[in-house]
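Asker: need a structure here:
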Amino acid sequence: MQRLIAFTLLFLTLLAWHQHGFAEELASGEQPDIVIREDDDKTFYEYRVNGVLKEIKVVPNTGTEYYLVPADGDGWIREETSTLLVPKWVLLEW
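Answerer: Next up, the predicted model:
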């Protein structure tokens, strides 16, 4: 019984610590803003950090998703995996 209580307290402490760090990240402005646009056959997720467009996730109705990232000059390059580290976990779902 004492192990269960100790484990529960440890879990709640770690969860509170993690949530505090996540709230600080949101307040610092480092989190990307995501704008979702829908086209006839594709959905675009535009990731902006501090107002600068960093990458575009393209999800077609058929086929696999891909990312468009800025090239060194003008234009965009297609990549199959994201270079931007965006939190993609689900905390609660019902």
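Asker: For Leu91, give its distance to Glu38.
Answerer: 26 Å (Cβ to Cβ, to the nearest Å). (Glycine included, C-beta is placed from N, CA and C.)
Asker: Where does the prediction get shaky in this protein?
Answerer: Within the chain, the ranges that satisfy pLDDT under 70 run 7, 10-12, 14-30, 82-89.
Asker: which residues in it form strands?
Answerer: Assigned by DSSP state E, the strands in the chain fall at 33-38, 42-49, 52-60, 66-70, 76-79.
Asker: looking at those, which is closest to Gln2?
Answerer: With Cβ to Cβ as the measure, strand 33-38 is the member of the strands of the chain nearest Gln2 (44.6 Å).
Asker: what's next to that closest one, contact-wise?
Answerer: Thr43, Phe44, Tyr45, Glu46, Tyr47, Arg48, Val49, Gly51, Val86 (Cβ atoms under 8 Å, 6 or more residues apart in numbering).
Asker: Specify the residue ranges that define each domain of the protein.
Answerer: 1-31, 32-83 (automatic domain parsing).
Asker: JSON lines please, covering the contacts of strand 33-38 and showing distance to Gly75 and neighbour count.
Answerer: Shown next, in JSON lines, are the contacts of strand 33-38 (distance: Cβ to Cβ, whole Å; neighbours: other Cβ atoms under 10 Å):
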{"residue": "Thr43", "distance to Gly75": "22", "neighbour count": "14"}
{"residue": "Phe44", "distance to Gly75": "16", "neighbour count": "14"}
{"residue": "Tyr45", "distance to Gly75": "19", "neighbour count": "17"}
{"residue": "Glu46", "distance to Gly75": "16", "neighbour count": "16"}
{"residue": "Tyr47", "distance to Gly75": "17", "neighbour count": "19"}
{"residue": "Arg48", "distance to Gly75": "18", "neighbour count": "13"}
{"residue": "Val49", "distance to Gly75": "20", "neighbour count": "15"}
{"residue": "Gly51", "distance to Gly75": "20", "neighbour count": "7"}
{"residue": "Val86", "distance to Gly75": "22", "neighbour count": "14"}
